[in-house]
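Chemist: below are the sequence and a predicted model for it; my questions follow.
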Amino acid sequence: RFHYILAALVSVYVLSLTAWATTYYIIWRMDEECFIGLQDFNTALLFAIETQNTIGYGVRAPGDCWLSSLTVAMHSLVNLVLNSIVLGIAFSRISHPKNRGRTILLSDCAVIARRDGQLKFMFRLADLKRKGVVGPEVTAFLFTYGEGRTTAEGEHMPVRVHELVIDPWDKTL
């Protein structure tokens, strides 16, 4: 799956460079004073690469033409958005690994004990990795079997479900 994502990102960059090179080439063909150092499509592609990667201009540069200045500015803005999207995709792949749920364990046993004069239901939750979980959220439910309840439709439900309030906890998992 990672190979497909990488191939898609490379394709997007190649298509972007080709589209901007074609745009620069067409503008240069309309008015050769709009770009300095362009001679053919290959030099237009090199100009697009220099602009998109902010390498800087050597022999090739925008000329004294409002259309070339506007096009280079648009190219820079579109490239900023494209780089942001690619960086977001890469960061999401790194920060949300697939098997992270397997490293968080819940104890097999729970205890009801008196703490501060009240009965407390206690269980352990642990993270096997040394890195902490950022902003963990824990929700617990108590399932009670017995008489149950009857719904408004007349169906008998032998299990009751109660959400347990987990308070306070230090959120250092």
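Modeler: Perfect, thanks for sending it.

Chemist: tell me which strands the helix or strand bottoming out on mean pLDDT in the chain pairs with, and in which orientation.
Modeler: Lowest mean confidence among the helices and strands of the chain (mean pLDDT, DSSP states H and E): strand 125-127, at a mean of 79. On the basis of DSSP bridges, the sheet neighbours of strand 125-127 come out as strand 104-106 (antiparallel).

Chemist: same question for the partner strand, mean pLDDT?
Modeler: Confidence over strand 104-106, taken as the mean pLDDT, stands at 82.

Chemist: buried sites along that strand?
Modeler: Residues of strand 104-106 classed as buried by neighbour count (16 or more other CB atoms under 10 Å): none. All C-beta atoms are positioned from the backbone trio N, CA, C, and that covers glycine.

Chemist: how distant is it from the center of its chain?
Modeler: Per CA atoms, centre = their mean, to the nearest Å, the displacement of strand 104-106 from the mean C-alpha position of its chain is 25 Å.

Chemist: so where does the spatially most central residue of the chain fall, helix or strand?
Modeler: With distances taken as CA atoms, centre = their mean, the residue of the chain nearest its centroid is S92 (3.4 Å). According to DSSP states H and E, S92 maps onto helix 66-95.

Chemist: by contact count, what packs against that helix?
Modeler: For helix 66-95, the helices and strands in contact under the criterion 3 or more CB pairs under 8 Å, 6 or more residues apart in numbering; DSSP states H and E are helix 2-30, helix 41-52, strand 61-62.

Chemist: of all the ones you listed, which one is nearest Y145?
Modeler: Proximity of the helices and strands packed on helix 66-95 to Y145 was assessed by CB to CB; the nearest stretch is helix 2-30, lying at 45.6 Å.

Chemist: what pLDDT, on average, does that closest one get?
Modeler: Taken as a whole, helix 2-30 carries a mean pLDDT of 91.

Chemist: ok, then the element right after that helix?
Modeler: Counting by DSSP H and E, the next helix or strand C-terminal to helix 2-30 is strand 35-36.

Chemist: which residues touch that following strand?
Modeler: Residues outside strand 35-36 that contact it (CB atoms under 8 Å, 6 or more residues apart in numbering) are Y24, I27, W28, A44, F47, V59, R60, A61, P62, G63, C65, S68.

Chemist: the third one contacts C34, correct?
Modeler: Yes. Taking contacts as CB atoms under 8 Å, W28 lies within contact range of C34: 6.1 Å.

Chemist: list of residues touching the longest strand along the chain?
Modeler: Of all segments of type strand in the chain, defined using DSSP state E, the longest is strand 140-150. By CB under 8 Å, 6+ apart, the residues outside strand 140-150 that reach it are F121, F123, H156, M157, P158, V159, R160, V161, H162, E163, L164, I166.
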